[in-house]
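> Quick one, structure for this:
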Amino acid sequence: MYCDIRLRFVTGTMHDIGPGVIELLEEINFSGSVLEASRRTKMSYSKALKILKNAELGCKNELIQSRSGGAKGGSSVLTEYAKNLVKVYREIENATYATATDCYLKYKDTIESLPSEHD
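Now for the predicted structure:
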């Protein structure tokens with residue numbers, strides 16, 4: 001047994017920022033392509049575009065700058081806002097995991113000694 005927490009930035013809209021958005025942004029940053037990022041995250045290109053559009057609505061900021069393709073195809077780069085969003089998300093996520101793990105370890109023996117309904 002272990003502790004797992006999923007961080008989500010609640011935007012006050014229906015478009016929160018969670019691990020899926022952050023992973024997609026990281027893949028775009030790595031590959032320079034929404035299409036390649038969608039492949040790497042095993043989602044359809046149209047779903048990736050929808051996630052990005054909704055995330056931009058939630059953040060009220062552009063997250064990527066895209067350039068239409070020519071012979072070599074288009075490219076996408078993260079805006080400075082998006083780069084900072086990813087950085088802050090990962091920093092808070094790491095701090096949250098560390099705190100949650102410490103808390104879990106504090107209560108691990110208690111959790112493991114709880115009576116089971118199958119005893």
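> so Ala100 touches Leu7, yeah?
No: using CB atoms under 8 Å, Ala100 is not in contact with Leu7, being 10.2 Å away. Bear in mind the C-beta positions are built from the backbone N, C-alpha and C, glycine included.
> Show me the strands in the chain, by range?
64-70, 73-78 (DSSP state E).
> Give me the neighbour count for Asp102.
10 (other CB atoms under 10 Å).
> Just the pLDDT for it.
pLDDT, Asp102: 93.
> Might you list the low-confidence residue ranges for the protein?
Along the chain, segments meeting pLDDT under 70 span 70-72, 119.
> any idea of the angle the lengthiest helix in it forms with strand 73-78?
Counting residues, the longest helix in the chain under DSSP state H turns out to be helix 80-112. Per axes from the mean of the first three to the mean of the last three CA atoms, to 10 degrees, the angle that helix 80-112 makes with strand 73-78 is 60 degrees.
> Show me which residues of helix 80-112 are buried.
The neighbour-count check on helix 80-112 (16 or more other CB atoms under 10 Å) flags Ala82, Leu85, Val86, Tyr89 as buried.
> How about the third one: what's its closest non-neighbour residue?
The one in question is Val86. Take Val86 and drop its neighbours on the chain: the residue closest to it by CB to CB, 6 or more residues apart in numbering is Leu25, 5.3 Å away.
> Contacts only, for that neighbour.
The contact partners of Leu25, taken as CB atoms under 8 Å, 6 or more residues apart in numbering, are Leu63, Ile64, Leu78, Ala82, Leu85, Val86.
> measure it to Leu35 for me?
Shown here: Leu25 relative to Leu35, a distance of 15 Å by CB to CB, to the nearest Å.
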